[in-house]
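S.K.: Quick one, structure for this:
(one chain, ligands or ions: 1)
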Amino acid sequence: MADDFRILVVDDEAVITRSCQRILQAEGYNVETASSGKDAVLKMEQAGYNLVLTDLKMPEMDGITLIKWMKNNRPDAGVVIITGYPSQETIKDALDVGIIDYVPKPFTPAVLLDVTGRAVEWVKGKTGVEEKPKEEFPPSMISELDRVIEQYKTKPGSSIPVLQRAQEIVGYLPPQIMKRVARGLNLSPAEVHSIVSFYSFFTMKPRGDHNIRICLGTACYVKRVEESINKLKAELKIDVGDVTEDKKFSLETVRCLGACGLAPVMVIDDKTYGAVSPKKIKDILGSYS
Ligand code: FES
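M.R.: Prediction:
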């Protein structure tokens, strides 16, 4: 992690800022903390931050007000919210102010690192600090996508249907496609990115014939899901977010699969596996041969 990439964690609960700082610093991130929205503004007026992780409910200046201030004064910085279970209302408010993702409270170190890692990648891609090589898409694919955008662009609430069609056409939603949709629908890239992050049916990476989703939420984490994730990575010889060489499996982590009573939980396509363990992983994968 480059030292000049700076993260600010904002929360009035010192236990949250301290644990975020400890977890992220252990992975080499450059992290500072602020205890309120006001404190964060003061810090941002004195120094540049590339990514801000902020709570929403804080005394004096809440997170939404802070994000609005950032939109006007620090538009290049990315924002991730730290929030309790996100309701439709929270999601709507957050999307309206242009956040790029969220960390659910209570969070596990794995979820914090997962969300932060993707947010850092997104901010770097947006600002061109670390531009990835462009992937080429066939012109026929792009013109089909443009036709869809054209068809929907004057209709309100069209972002989700357009992104669904884009995913059907391309297979997934890489940054170039999200940017094209954003431009076509007159949205900011951050708005499109946050919609794709929130809804698990969207994917930013290509998927294999069988998509494995394994849960990093609290209930699964305390039941040592990480051991099963490591076993999956070793068996499939891929990392989280990747596809096996034969394109048979892809591996994703999620924040909660809504089946906490069965923890640790894994879903392959539409089938749920409860109480997974490293021992069971090989047999489960074998049943897909
Ligand atoms: S925490 Fe894993 S299913 Fe809810």
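
S.K.: Tell me which residues touch the nearest residue to Lys71 once chain neighbours are set aside, please.
M.R.: Leaving aside its chain neighbours, Lys71 sits nearest to Gly98 (6.1 Å; criterion: CB to CB, 6 or more residues apart in numbering). For every residue, glycine as well, the C-beta is placed using N, CA and C. When contacts are counted by CB atoms under 8 Å, 6 or more residues apart in numbering, Gly98 touches 67, 71, 79, 188, 190-191, 194.

S.K.: Likewise for Cys215?
M.R.: Taking CB under 8 Å, 6+ apart, we find Cys215 in contact with 225, 253-257, 263-266.

S.K.: quick one: which of the residues you listed sit in helices?
M.R.: Under the assignment DSSP state H, those contribute Val225 to helices.

S.K.: Please convert the contacts of Cys215 to CSV, extending it with pLDDT and neighbour count.
M.R.: Output for the contacts of Cys215, formatted as CSV (pLDDT from 0 to 100; neighbours: other CB atoms under 10 Å):
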residue, pLDDT, neighbour count
Val225, 95, 24
Thr253, 90, 19
Val254, 88, 18
Arg255, 84, 21
Cys256, 87, 17
Leu257, 90, 22
Ala263, 95, 21
Pro264, 96, 26
Val265, 97, 26
Met266, 97, 27
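
S.K.: Run a quick neighbour tally on Arg165.
M.R.: Here the number of neighbours of Arg165 (other CB atoms under 10 Å) works out to 19.

S.K.: Then Pro75?
M.R.: 10.

S.K.: and the host helix or strand of Ser140, what's its mean pLDDT?
M.R.: Secondary structure from DSSP states H and E places Ser140 in helix 139-152. Averaged over helix 139-152, pLDDT sits at 94.

S.K.: circling back: the contacts of Cys215 also near the ligand: which ones?
M.R.: Among those, the ones lying near the ligand by CB under 6 Å from any ligand atom are 256-257, 263, 265.

S.K.: Asp62 and Lys38 touch, don't they?
M.R.: No. Applying CB atoms under 8 Å as the test, Asp62 and Lys38 come out as separate, 10.6 Å apart.

S.K.: helix, strand or coil for Leu251?
M.R.: Three-state call for Leu251 (DSSP: H, G, I helix; E, B strand; the rest coil): strand.

S.K.: At the contact with the ligand, which residues of this structure appear?
M.R.: By the rule CB under 6 Å from any ligand atom, the part of the chain lying against the ligand is 215, 217-220, 256-257, 259-260, 263, 265.

S.K.: now do 8 Å
M.R.: Within the chain, the residues that sit near the ligand (CB under 8 Å from any ligand atom) are 215-221, 225, 255-260, 262-265.

S.K.: Next secondary structure after the helix or strand where Val192 lies?
M.R.: Val192 is part of helix 189-198, with elements assigned from DSSP H and E. Using DSSP H and E, the helix or strand that follows helix 189-198 towards the C-terminus is strand 210-215.
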